[in-house]
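Novice: give the three-dimensional model of this entry:
(chains A and B)
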Amino acid sequence: MGNKQTIFTDEQLDAYQDCTFFTRKEILRLHGRYHELAPHLVPMDYTTEPDCKIPLALIVNMPELKENPFRNRIVESFSEDGMGNLSFNEFVDMFSVLSETAPRELKAIYAFKIYDFNVDNFLCKEDLEKTLNRLTKEELTPEEVDLVCEKTIEEADLDGDSKLSFADFENMITRAPDFLSTFHIRI
Amino acid sequence: MTSYSSRGFFNAAYHDSETLEMDRRSGTKPPHTNPYAREEPVRWGGRLGGRDEAAWGATDGGLQDESRRGRDHITTGAGAPPFPHQPYHNRFQADNRYNQRPQARLPSLVSDNMTMRLRGIAMRRMSMFPHASPADVDLTENAIREEMENDEQNLMKELVSMSTLEQTRAIRELTMSFEAKKRIRNKVLAFRSVKKSHEFTWFAELSENTSLFFRRCGYTMRSARQALELWHGIMKEIGGKFGSSVLTYFMFLKWLLLFNIFSFVVNFSFITVPLLVYDPNITSSVSFRGLELLTGAGYFTHTVMYYGAYSNETLKHGVEYNLQLAYFFTIAVYMVLCGIALIFSMASSFKKNFVLVDPASTSAWQLLCSWDFSVTSEKTVTQRKNNLRVQLKESLSEKAQQELLTVPEKLKHFGIHFCSWLVSTALVVGCAASIFFLCQYEGKLFSQWGPGAASLQQEAETLLVPFMVSLMNLVIPLFFSLFNKLEHYSNNRSQIYTLVVRNVFLRMSILGVLCYYWMNEVSLRSPSQCWESMVGQALYRLVIVDFFFQMLGSFFGEFLRNVIGTKLHRRLGPPEFDVARNVLDLIYAQTLAWIGIYFSPLLPSIQILKFFILFYLKKVSLTQNCQPPRRTGRAAQMQTIFIFLLFFPFFVGAISIVGYTSWSLNPSQNCGPFRGLNQAFSVVEIWIEGLHILPGSGWAVWIYKNIIRSEIFYFLITLIILGVTYVFYQLIQGRKELIGLLKQRIINEGKDKSFLLDKIQNLQSSRPKKDTRQSKDGRSSHQPSLGGHSDAVRQALLARQQAEQEEATYSDGVSVPADISTSSALMQAMLARQRAERETEDLYQRVEDPPSSFTALSLAMEARQRAEGEMLQDNSREGDFYENPTTASSAVSQAIQARLRAEEEASASSAMMQVMKARQQAEQEAGMQWTDVQLQNPAVSSSSAVAQAMQARLRAEEELPASSVMMQVMQARQQAEQEAGMEWAHVQPQNPAAAGSSALIQAMLARQQAQNEYDDGY
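Specialist: Model prediction:
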């Protein structure tokens, strides 16, 4: 960023580069974005690793997430407390997983978490219904929703427990090459 | 204060243990020294620091051990999880290592840090088999913790053994939060530096610094590449507004642009620059008139733009630079590089997008994979939602109908397809023929020209052929789309593919005819003129005119269509961006550039300009006129197909034409680098002959004679490639079969699982009836059954412990007849469990019936709560508490008290040791007390039995009021886990994940069921 103020030390940036899919510049850009969200909360100087978190309501207002039907779930999946408050590290984590270079397995795990609304580690019918309603503005009739969810489970469920485990989900993901390009938010 | 209650603190053996040393201080930092503390930045400040070290003590210790004693030791720390129910002191000492860790059993200690790790590692495990849910974490914290530490240590071991590059990648791809990754990274780095410090220090430092330097260099390169990355913002905007399928067009355009920049740089620096340096005064005899920009003729004819202007001389400025060779090799190497780049990108794209594509799952795909997370515009989001809804409805109705076509309908469809193919083929052939005749007509016109400069009109006439070609390229595809509308394709994809195939066919035949004309007529017709330059000019015109037509295309196709759609025919709406057509245009343009590279080495510069302008043009047209595509087709596959198309007919065609020209055609005699030669390839021959003189170049000559010029070599190469291809083909077939079998297996596993679940359900639903009956008539045998109950619990625990140990040895890889022993232990555990279940249920009913035992239980609970409260208030008031009259509960409370103290002190793993000891002792004493009290007071004894059971459970889990049901849960889990272990071991060679996961799912289900029962019980 333009100003000469140090935001991170070199060691911090190295750690970020080693542990995420971002370069130094992108990390700084992300910090800028994070700072923008709550200028009064987030300090510019991150060399001392201040312990501050931004609440969900502010994060989902980012233009990248604002229109996303799963915005709350995305933020919640990456927040430590499960309530959607993100520290900067979690914020970086989120966009790292959603970046272009993140591998399929990583993306699949978090996609699964995002779709798993009731956090029971299975995509059951209830989760799928919620997903579907978010994707279609709740304009399908209940019967149609039912049918689609059943079909989905039928197609993707390998072990016949009539809900999708992570293995089922991952198996489906490997058969859907678009997933890599669609589960991607450019920052 | 009763004597036994204080025994724990005055026990000499207890004081002798090293743990107490650590515990004498209160509130100071635990003396557990973290060897890497200095490596970790100040991120865990103050209070957190203690937690962190306690939490990671085990791992650190393990690593330290490893650094000291070698790698094999690392496993021993977490290898055998001993059951803490050990009444013997010495045994307990041996378990120190284990007891250092268990801070996780104290709920208040489960810091953020802890849950984070749980999440991280649970997630990682989830990638192998779905197991721990967050709700589950509470229950199986013990098990998870052990596993987690195992995991952690294994992970560290793996990481440490990797090379730096792999390490960084592996860390980056861990499914943990950033904090966890960073910690692991720091540890790995620290470990490495520790390892290195045992070697020469200065060397270690040097290598450390170098690796750091290289890493930083790598990141700088990455940043630089990103900075060079064109149009990041625009790409983001397009992706946000139109989704990733439209974005593929722009990515493709950018990719081609980079190709052209590369070829321009190569050609310019190796061919043009030497010529300009050698002879900077290549000036045209003709003045510049402006029309040249369109036709490429006139002024440009004798410039470095075309083949004709290049010299065949050898430059001698200190070093010799043979322009002939330079020209030949630059083009050849460029073509080969292009081919390799294409093959690689095609292969990687194919691998990524096509390998496992399963067209069968559409609604699952639509529901879970099709949403484009990059879309950010509100309008698009609404539209996408609508589209998805429509598509889902369509697919539902299609599924509902599934009608079979009757024979006449089939015939009709077939007839329509046949007709449209016939008509489109006729169109293509007609176009090709008309172009050919047009070319011949143009040739006649040219031959009428004088040798001097052509007039403006004559020059403009040269634009006729490119104009017609581009017009056909624009118009005929419209017809094809029309046919496509008439034909009723059952599926969207075959519709797109047909369209693409027809368009490719059209462009290929047009290009084929043009090339035929150039090769066979132009090259023979005018030996006096520079025919290569004429072909170059023709290509230049094609490139330029194609550019104008693309602009026109986006004007008419998109702008006018938009005006019509929004103003006149509201129903039509704004047009969609046709990715397939636009990409084909790009492919066609690029093919022209490839063919032209031999005839006009600087053609890529024009191409660069063209693509650059086109990018902005298309972007503006897209954002102004178009709406996002309705059908979100599988963009990734389309992209692969486009790259394939670019490679297969087009690039291969271009390279064969260039190859044919340089191998077989006579170059012009009066111009160009190859003047005076029979073929351009003769350059190499002459060069090789010249090499004979030079010593030490025998190998080059040998290679030329025996490999390049020998048919046998190519024959053999072809044979080998065919063979390898066949082998790979067979491999693929085998893999497909295997995949099918494995799938079947998974399905079978699922069936097995549901069958077993049904069985369990039947069993459990039949049991309660029996139990109620038993409890009704078993009222008289009240006391014995109580004793039996606690015995059963104990037995179950013991059995479990035994099983666990066996499992541990089994997992350690010691070749015990583990199957047998495990299964027998399992049997035992199951039996014990059943008994315990029955009796706990009895107990429950009884607990509700006789108020006395219930009050005793509640008394115990109360006492415990009180103890907790008191302990929280003041540690010094312990004495009061010991005077509590309820003896059984005092034993319990002592343990709890000690535990509470540990909780307060939080960080000290040594405190845990103390707690364990205190509890252990308390338990023993409780046992004794129990036997004493049993005779006197059945109610108290029942409470003490319950308390004991609770204690046993406490060791493993957090406190919940319903100990007996939870016990059952634990048992069920245990059983399932063991089964999982066994099954896993059996199935491992074939399909480890599936079996493991199914067993674990079973465990989960059993747990849920137990919980349900527990709810019902209340």
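
Novice: what number of residues lie near residue B:595?
Specialist: A total of 26 residues lie near residue B:595 under the criterion other Cβ atoms under 10 Å in any protein chain shown. Where C-beta positions appear, they are placed from N, C-alpha and C, glycine not excepted.

Novice: quick check, it in a strand?
Specialist: No. According to DSSP: H, G, I helix; E, B strand; the rest coil, the state of residue B:595 is helix, so it is not within a strand.

Novice: let me know the helix or strand that the spatially closest residue to it that is not a sequence neighbour is in.
Specialist: Beyond its immediate neighbours in the sequence, the residue positioned closest to residue B:595 (Cβ to Cβ, 6 or more residues apart in numbering or on different chains) is residue B:654, lying 4.8 Å away. With elements taken from DSSP states H and E, the one containing residue B:654 is helix B:652-664.

Novice: and that helix, what's buried?
Specialist: Buried residues in helix B:652-664, defined by neighbour count with 16 or more other Cβ atoms under 10 Å in any protein chain shown: B:653-655, B:657-658, B:661-662.

Novice: for it, packing partners?
Specialist: If you count contacts as 3 or more Cβ pairs under 8 Å, 6 or more residues apart in numbering or on different chains; DSSP states H and E, helix B:652-664 packs onto helix B:323-353, helix B:492-517, helix B:579-599.

Novice: tell me the pLDDT of the residue in the stretch 551-700 of chain B that chain A sits nearest to.
Specialist: Taking Cβ to the nearest Cβ, chain A has its nearest neighbour within the stretch 551-700 of chain B at residue B:636, 4.2 Å off. Predicted confidence (pLDDT) for residue B:636: 70.

Novice: what's in contact with the helix or strand where it lies?
Specialist: Under the criterion of DSSP H and E, residue B:636 resides in helix B:635-645. Around helix B:635-645, the neighbours that count as contacts under Cβ atoms under 8 Å, 6 or more residues apart in numbering or on different chains are A:177-178, A:180-181, B:244-245, B:247-248, B:251-252, B:342, B:345-346, B:349-350, B:352-354, B:357, B:496, B:500, B:504, B:579-580, B:583-584, B:587.

Novice: derive a ChimeraX selection command for the buried subset of those residues.
Specialist: If you want just the buried ones from the contacts of helix B:635-645 in ChimeraX, going by 16+ other Cβ under 10 Å, the selection is:
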select /A:177,178,180,181 /B:244,245,247,248,251,252,342,346,349,350,353,357,496,500,504,579,580,583,584,587
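
Novice: rewinding a little: tabulate the helices and strands packed on helix B:652-664 in CSV, adding columns for mean pLDDT.
Specialist: CSV is the format used below for the helices and strands packed on helix B:652-664 (pLDDT from 0 to 100):
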stretch, mean pLDDT
helix B:323-353, 89
helix B:492-517, 90
helix B:579-599, 91
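
Novice: looking at those helices, which is buried most?
Specialist: A comparison of the helices and strands packed on helix B:652-664 by mean neighbour count, using mean count of other Cβ atoms under 10 Å in any protein chain shown, puts helix B:579-599 on top with a mean of 23.

Novice: packing partners for it?
Specialist: helix B:232-267, helix B:323-353, helix B:464-486, helix B:492-517, helix B:531-553, helix B:603-625, helix B:635-645, helix B:652-664.

Novice: tell me what angle the first one forms with helix B:603-625.
Specialist: Going back to what we said before, that points to helix B:232-267. Comparing the axes of helix B:232-267 and helix B:603-625 via axes from the mean of the first three to the mean of the last three Cα atoms, to 10 degrees yields an angle of 170 degrees.

Novice: what do you get for the fourth one?
Specialist: Our comparison of helix B:492-517 with helix B:603-625, counting by the same axes, to 10 degrees, yields an angle of 150 degrees.
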